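> with the input below, show me the fold.
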Amino acid sequence: MVASLLSGPGLGVGLAVALAAATLAGLLTGIGVGIFRVHPLIMSLGVSFVVLGLANAWQILTVQSSTGVPPELRMIGAERFGGLIPYSLLVFVPLAALIVLSLRRTGYGRMLYAIGDNPVAARLSGARGWQVLIVLYVVSALMASVAGFLLSGLTNVASVTLADSLVLPSVAAAVIGGTSIFGGRGGYSGTIVGALILTVTSALLTALGYPEAVRQIMFGAIIVVVAAAYSRVTGET
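Next up, the predicted model:
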């Protein structure tokens, strides 16, 4: 959206429209999960297919007007300050600190953990789970859109399939960082550590000459092994 709207309305409008689209996708997902009690995985996959189809249609309609990734995003996503410090850290560090503090120090963060751990007990204690979940999915969608801006700037590619290969590694990073796929446990700081571990491991495999297929097998195996071990230790199914 940003690339296609750059030559007309401009960068500001393109960013605003992209963020609004992400907010709408997150809102629909949150309503499905929080109000209609659709399984989170099914709802997320369903909405993702709808968004992908709409994005492909948008790309076909606007392919002539697309002028590529804006130079501002290329600078933030790929360039470095003084040749050492990535400009993307100026976006990532404040957002990461905000997420960590929100999860640990706010009432919303405590309700989020409570609902993830035991939604029935949280509801009986007065927490409105559907409101918490809607806010969660909207915030997650906005964070995903910001990540998309940075990734497009890093790769200098504006494509609806740009992040497809990163879906599995992102789940693996969260699992390695101690986040339970059953809910109620984990944290963003652990996810950052998990992402660093996977990045180093992936770079090592690349240096050793292993293909992308090997990395995908490794990421999938990590998720399965860690999830199985967690389920065995806690007795959850």
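
> am I right that residue 58 is in contact with residue 5?
No. Under the criterion of CB atoms under 8 Å, residue 58 makes no contact with residue 5, lying 10.2 Å away. Every C-beta, even on glycine, is put in place using the N, C-alpha and C of the backbone.

> who's more crowded, these two?
residue 5 (22 against 14; other CB atoms under 10 Å).

> grab the nearest non-local neighbour of the more buried one.
Nearest residue to residue 5, sequence neighbours excluded (CB to CB, 6 or more residues apart in numbering): residue 14, at 3.7 Å.

> mind listing what's buried in the helix or strand that neighbour falls within?
Residue 14 belongs to helix 11-34 when assigned by DSSP states H and E. The neighbour-count check on helix 11-34 (16 or more other CB atoms under 10 Å) flags 14-15, 18-19, 21-23, 25-34 as buried.

> helix or strand right after that helix?
Following helix 11-34 in sequence, per DSSP H and E, is helix 40-61.

> name the helix or strand for the residue positioned nearest the centre of the chain, please.
In the chain, the C-alpha nearest the mean C-alpha coordinate belongs to residue 144, at 4.3 Å (CA atoms, centre = their mean). Assigned by DSSP H and E, residue 144 falls within helix 129-155.

> how close does the residue lying farthest from the centre of the chain get to residue 118?
Here the chain reaches farthest from its C-alpha mean at residue 124, the gap being 30.4 Å by CA atoms, centre = their mean. Using CB to CB, to the nearest Å, residue 124 is found at 9 Å from residue 118.

> next one: residue 74
46 Å.

> which one of these two has more residues nearby?
Taking other CB under 10 Å, residue 74 and residue 118 do not tie; residue 74 has more neighbours (17 against 14).

> what sits against residue 18?
Residues in contact with residue 18 (CB atoms under 8 Å, 6 or more residues apart in numbering) are 1, 2, 145, 148, 149.

> please redo it, this time with the cut-off set to 6 Å
1, 2, 145 (CB atoms under 6 Å, 6 or more residues apart in numbering).

> isn't residue 111 up against residue 132?
Yes. Here residue 111 reaches residue 132: they are 5.2 Å apart, a contact under CB atoms under 6 Å.

> wait, isn't residue 4 in contact with residue 62?
Yes. Assessed by CB under 6 Å, residue 4 is found in contact with residue 62 at 3.7 Å.

> out of those two, which sits in the busier spot?
The neighbour comparison of residue 4 against residue 62 (other CB under 10 Å) goes to residue 4, with 22 against 15.

> so that one, which state does it fall into?
Of the three states, residue 4 takes helix according to DSSP: H, G, I helix; E, B strand; the rest coil.

> can you list the domain ranges for this protein.
1-160, 163-237 (automatic domain parsing).

> least confident of those, on average?
Lowest mean pLDDT within the domains of the chain: domain 163-237, at a mean of 85.

> what are the phi and psi values at residue 80?
With angles defined as degrees, to the nearest 10, residue 80 sits at phi -130, psi 150.

> partners of it in the sheet?
Assessed by DSSP bridges, residue 80 has beta-bridge partners residue 86.

> surely it touches residue 89?
No. Look at residue 80 against residue 89 with CB under 6 Å: they stay out of range, at 9.4 Å.

> can you get me a residue count around residue 221?
There are 11 residues near residue 221, going by other CB under 10 Å.

> what does the helix or strand harbouring it contact?
For residue 221, the host element (DSSP H and E) is helix 212-234. With contact meaning CB under 6 Å, 6+ apart, helix 212-234 is reached by 168, 169, 171, 172, 175, 181, 202, 205.
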